[in-house]
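Student: Got a predicted structure plus its sequence, pasted below:
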Amino acid sequence: MLEIKPIFKALMRSKVGAVLLLLQIAITTAIVSNAAFIIYDRVTYLAQDTGYDEENVFSFAILTFGKDRDLMQQTELDETFIRNLPGVIDAAAMSAVPLSGSGSATGFTLKPQPEISKRARAAYIQGDEHVLNTLGLTLLEGRNFTSDEVVVTESAREVPNVVVVTKTFIDELFPEGNGLGQTIYMGDLPAKVIGIVESVSGPWLKDSRPKNIVFIPLMKAMKAQNFVVRTESGAREEIMKNIESELLQQYPDRVIDWLTAFDKSKDEYNAGDILMMRMLIVLIAVLVGVTALGIFGLTLFNISKRTKQIGTRRALGARKSAIIRYFLIENSMISLVGLVIGCFAAHTLGQLLMQHYEIPVLPIGYIIGTALSVFVMSWLAVIGPAKRAADISPSIATRSI
Amino acid sequence: MFTHYLDLSWRSFKRTPLVSILMVLAIAIGIGVTMTSLSVYHMMSMDPIPSKSQQLFHPQLKTMDEGINWWTSNDMPTQLTYQDAVNLQKAEVPAKKSISMRSGFSVHLGDGSIKPFMSQARFINADFFSMFQLEFVFGDSWSLAQEHNATPVLVIDSQLNDKLFAGTNSVGKQLYLDDKAFLIVGVIKQWTTHIKYYDLNNGAFNETENIYMPFPLVEANQYENWGNTNGWKHESIRTFEEKIRSEHVWLQFWVELPTRDAKKDYGEFLLAYMQEQQKIGRFNRKELDFALHNVTEWMEFNNVVSEDNKVMVALSFMFLAVCLANILGLLLAKFLRRAPEIGVRRALGASKTQVFYQHLVEVSLLGLFGGLLGILVAQLGLWGVRITRDYYENLATMDITMLLAAPAIAIVACLVAGLYPAWLVCRTNPAVYLKSQ
Amino acid sequence: MLTMNNIGKIYQTEMVQTHALRDFNLQVNEGEFIAVTGPSGSGKTTFLNIAGMLEPFSTGQYLLDGVDVGKLNDNQRADLRNQKIGFIFQGFNLIPDLNLYENVEVPLRYRGIKASERKRRIEQCLEQVGLASRAKHLPQQLSGGQQQRVAIARALAGEPRFLLADEPTGNLDSLMARQVMELLEQINRDGATIVMVTHDAELARRAPRNIQVVDGKLADFTLYQGAPTANAHVLEGV
């Protein structure tokens, strides 16, 4: 390590090149660590378990305009028809479809409003006793609705008095875990919690309470009615292809639309995140490439400038390994300074992003990890040119250029 | 002299093709990445109606009772209650104004001639067409009387007209929405706006509706809104009557205020209106508050440009900086190698200024090449964006501004990177290089 | 034509000050042909660089054609250099990417001369040095002597009244050196003032006036002073 001082002196004589390299390394570290963290954040978000068998569930909507049929009756006919299709495990009409980005939510309370009491936000899904099975949900406690408990109404005057809820939701209202059997209120309407299901995602993955859902046993005549269908593994595609014509055959005065597979629906909801993730991955890849090329090029340039000097050193007895070491140490010195600056820059950028956007704090591990990777990359970029320098013939020293 | 410098630059480019191509590639990649995110940003933040964006205003009223907060940045709902929307519409204020609400129907011709399909509709007042500069291809808007009486009439856009009537004049024909027949009174030219600025509640880049109908039909036929309905107090909205009497917000409202004074007057009118409403027990709060946002402010308020996109733009510009640092290094190497030649030129009478200028022309040429190639890279990037998200179909494109901006940014960036090397080479002592060793 | 009064040039490095020239006084008259000799490191080249305004001087006064060079800015110096001075270097210093025609064109470009006039002058100068037929060749396709003749043509193209030559024959064999020297003598006869730095004693002897620089000072060994030829004017019709 005796060489550090002379290398440092040599560096000080060609400051600009060193500063440029240092800047590149610093900015690269700052960008890559932040981008990598955002990517990680998105990957975790995108890979989250929604709790559904996304591959085998799909949804669609029926918009009925014909007046010659009773809407409620037709909905039940359709349900039965779909449930009997080969390959279908279960199907149900629902007021809102999970993962779709569209639905209703409200605050549920421990006491009837307008009394003030503990409140928890939840999406609610109305449907009959087939809803849980259609979504493939496992009951953790209590029981499902019975068909008698399902309120079928035209007037919207009758309301059910039992609900099934997700665990996250009920634990928010009853942190001690004694939610089963308790009564909660939707406005001034009481409902008894008769079942608790595993926590699954509601209509909005980006909700403040994405897994708070209340299932309400209510069937309401709707001009536009959502349906969810769960099929046997592999049967979904075929069923989705035919469902429109088959339903229209049953009754033609209506429109079938928004036919979407659950996984597709989730992807659509998350398209922005997927896009951001891909763009960042491309950015990181290109950035690292450009920086590596920059280091490569600058080292080559430095070597070409010092060809004669290197030749002289070789003539004076320097080993090849000494020449390689010289360039590696030189590069490491620049990189280390760049990385230190880069770490601070990364931290500052992370703070800035966090202040202005909804991005969590950049963990220090990301900065250090990135710094190490950039360091390794800079070595890889420099080792080729350094080897080339070591191959410079000592005879160069005796020749004039 | 400029053409001479261009000629010299081109020769210099050819002399060290590898370095030159590397530099152009570095610029092209930097510009390509930057332009990809900048183009999307540009399309998202572009003024969708430049001649009117400062005149069309969306009001917000603080309807909540004292002590209740809304989640928006200015603590006010982004939509209006039915009562307020209708009252504001009926108020005798000398300004064009329109309520606006989205819904949707099964569309057919009533005779089984076409397969029914779903189409979205917008309920508005007649002023809406001129406020948003919608031109009629056939017919015209409905009359005020028709609007007032909730006559079953509608206006369709040319896209729907093409689909149903092969583009012929369909005025006077009937269209079925669900089970009801409506008379077509006008066909508007396709509304081409890539930002759905007039209704930012459910996605800013969705397509415009194909059908436009008089707002009074909503109450007459009890049509449901397709969009957000938000409330702040406990009240039942299970029936339509309950909903239109409630404090739930679910309607958009636009008013055209061409002058500063008109805006001021309208603000005073809104305050007076809220005071009036307080007498009947609404607006139960100490301080009345309202807001009037014009189109650009409204887009800003509703965060039309996503955070992700802003982060991307910032990161891409930092990336461009890295590319520039690279180019700076390469330029330094290239220019300094040429110092002997510059010494000769200086001896032959070139001034420092001329040498400096010559090198700036050279870096500009590199910038131009890089910028042009960068457009191709950006096209590739935008294509990638489009296939990832078809929602961005109309946004991930480069308009003429962006096509011109690409080489402009590239040239400016290269000039910035080239300043130091050019300065360095022009101030080197020529005498040093003239004496051959 | 050229007057230097008490010119001094100091190179400053971290440790030491080096006096490259001190109290340097010289008067060059119109139409003279002067050979400057002196040992290596004596300040010959520094003198030539200052005379050609390639380097600033530290003290003293330098008048070129009555113009006080010390008071000019870079652009003015560049213009003056371009109009009055022609350089000939030991290493020829032709620009490798430019062909002969373009090399000769360089000073004319900087003077902002019209294309047609440039063409006339370039052809004339190349003709004078006997290389008109090779106008499209690149420098590396020529021999050293030919390259130096191109360099001379380039120096002449601007019709300077003052030629500064730094070891013009240093890289040439004796035959070619003689040819170049004869060309310089011809140019001098045609009216240009020439200052030539050389360490070739034989070459120096051919010049009418010899001066020697030793340790940054001038020692004048004029053989026969004065009596410059009468046609001491701008090289016309060269």
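Tutor: All right, it came through fine.

Student: ok, the strand or helix carrying residue B:335 near chain C or not?
Tutor: Here residue B:335, judged by DSSP states H and E, is contained in helix B:307-337. No - on the criterion CB under 8 Å from any CB of the partner chain, helix B:307-337 is out of touch with chain C, staying 11.9 Å away. Any C-beta I mention is one placed from the backbone N, CA and C, and that applies to glycine too.

Student: Is chain A within reach of that helix?
Tutor: Yes - using CB under 8 Å from any CB, we find that helix B:307-337 touches chain A at B:307-308, B:310-312, B:315-316, B:318-319, B:321-323, B:325-326, B:328-330, B:332-333.

Student: Mind giving me the packing neighbours of that helix?
Tutor: helix A:15-46, helix A:271-305, helix A:320-356, helix B:17-45, helix B:352-388, helix B:400-426 (3 or more CB pairs under 8 Å, 6 or more residues apart in numbering or on different chains; DSSP states H and E).

Student: That helix to helix B:17-45, inter-axis angle?
Tutor: 160 degrees (axes from the mean of the first three to the mean of the last three CA atoms, to 10 degrees).

Student: Give the next helix or strand downstream of helix B:307-337.
Tutor: helix B:339-347.

Student: Now do the strands in chain C.
Tutor: C:2-12, C:17-28, C:33-37, C:59-64, C:67-68, C:85-88, C:162-166, C:193-197, C:209-214, C:217-220 (DSSP state E).

Student: if you look at the second one, does any of it touch chain B?
Tutor: Same thing as strand C:17-28. No - residues of strand C:17-28 contacting chain B under CB under 8 Å from any CB: none, with a closest distance of 11.2 Å.

Student: in that strand, what's buried?
Tutor: The neighbour-count check on strand C:17-28 (16 or more other CB atoms under 10 Å in any protein chain shown) flags C:19, C:20, C:21, C:22, C:24, C:26, C:28 as buried.

Student: Go through the residues you listed and name the one nearest residue C:76.
Tutor: Closest approach between these and residue C:76, by CB to CB: residue C:28, at 20.9 Å.

Student: Just give the number of residues close to the nearest residue to residue A:361 once chain neighbours are set aside.
Tutor: Distances taken as CB to CB, 6 or more residues apart in numbering or on different chains put residue A:354 closest to residue A:361, at 5.8 Å, once the chain neighbours are dropped. Neighbours of residue A:354 under the rule other CB atoms under 10 Å in any protein chain shown: 14.

Student: Isn't residue A:354 up against residue A:363?
Tutor: No - if you go by CB atoms under 8 Å, residue A:354 and residue A:363 don't touch, sitting 11.7 Å apart.

Student: Tell me how many other residues crowd residue 83.
Tutor: Unless you meant another one, I'm taking chain A. 15.

Student: let's do chain C instead
Tutor: 17.

Student: Show the contacting residues for it.
Tutor: Taking CB atoms under 8 Å, 6 or more residues apart in numbering or on different chains, we find residue C:83 in contact with B:349, C:111, C:158, C:160.

Student: is it true that residue A:212 touches residue A:172?
Tutor: Yes - counting by CB under 8 Å, residue A:172 is a contact partner of residue A:212 at 6.8 Å.

Student: shared neighbours, those two?
Tutor: Both residue A:212 and residue A:172 are contacted by residue A:120, under the criterion CB under 8 Å, 6+ apart.

Student: what about those two, which has more around it?
Tutor: Higher neighbour count among residue A:212 and residue A:172: residue A:212, with 26 against 20, using other CB under 10 Å.

Student: Buried by neighbour count, from the residues of helix B:307-337 next to chain A: which ones?
Tutor: Buried among the residues of helix B:307-337 next to chain A (16+ other CB under 10 Å): B:308, B:310-312, B:315-316, B:318-319, B:321-323, B:325-326, B:328-330, B:332-333.

Student: how close does residue C:61 get to residue C:67?
Tutor: For residue C:61, the distance to residue C:67 equals 11 Å [CB to CB, to the nearest Å].

Student: Same question for residue A:239.
Tutor: From residue A:239 to residue C:67 the distance is 97 Å (CB to CB).

Student: same question, residue A:40
Tutor: 71 Å.

Student: for chain A, what helix or strand is lowest in average pLDDT?
Tutor: helix A:4-13 (a mean of 73; mean pLDDT, DSSP states H and E).

Student: where does the chain have low pLDDT?
Tutor: By default, I'm working from chain A. A:1-3, A:12-13, A:155-157, A:396-401 (pLDDT under 70).

Student: was after chain B, sorry
Tutor: In chain B (pLDDT under 70), the answer is B:435-437.

Student: Could you chop it up by domain?
Tutor: B:2-48+B:306-434, B:63-288 (automatic domain parsing).

Student: In CSV: those, plus distance to residue C:43.
Tutor: Output for the domains of chain B, formatted as CSV (distance: least, CB to CB, whole Å):
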stretch, distance to residue C:43
domain B:2-48+B:306-434, 13
domain B:63-288, 74
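
Student: Next, the contact list for the closest residue to residue B:365 other than its chain neighbours, please.
Tutor: Nearest residue to residue B:365, sequence neighbours excluded (CB to CB, 6+ apart): residue B:9, at 4.4 Å. Contact analysis of residue B:9 by CB under 8 Å, 6+ apart lists B:358, B:361, B:362, B:365, B:366.

Student: Then residue C:99?
Tutor: By CB under 8 Å, 6+ apart, the contact list for residue C:99 reads C:135, C:136, C:137, C:138.

Student: Quickly name whichever of these is closest to chain A.
Tutor: Nearest to chain A, judged by CB to the nearest CB, of these is residue C:138 at 20.4 Å.

Student: Which stretches in the stretch 1-150 of chain A count as strands?
Tutor: A:57-64, A:88-94, A:104-109, A:119-127, A:139-142 (DSSP state E, counting those that start in this stretch).

Student: Between those, which one is closest to residue B:139.
Tutor: It's strand A:57-64; of these, that one is closest to residue B:139 (CB to CB) at 27.3 Å.

Student: Which elements pack onto the closest one?
Tutor: If you count contacts as 3+ CB pairs under 8 Å, 6+ apart, strand A:57-64 packs onto helix A:71-83, strand A:224-231, helix A:236-250, strand A:254-261, helix A:262-269, strand B:97-108.

Student: I'm done for today, thanks for sticking with me.
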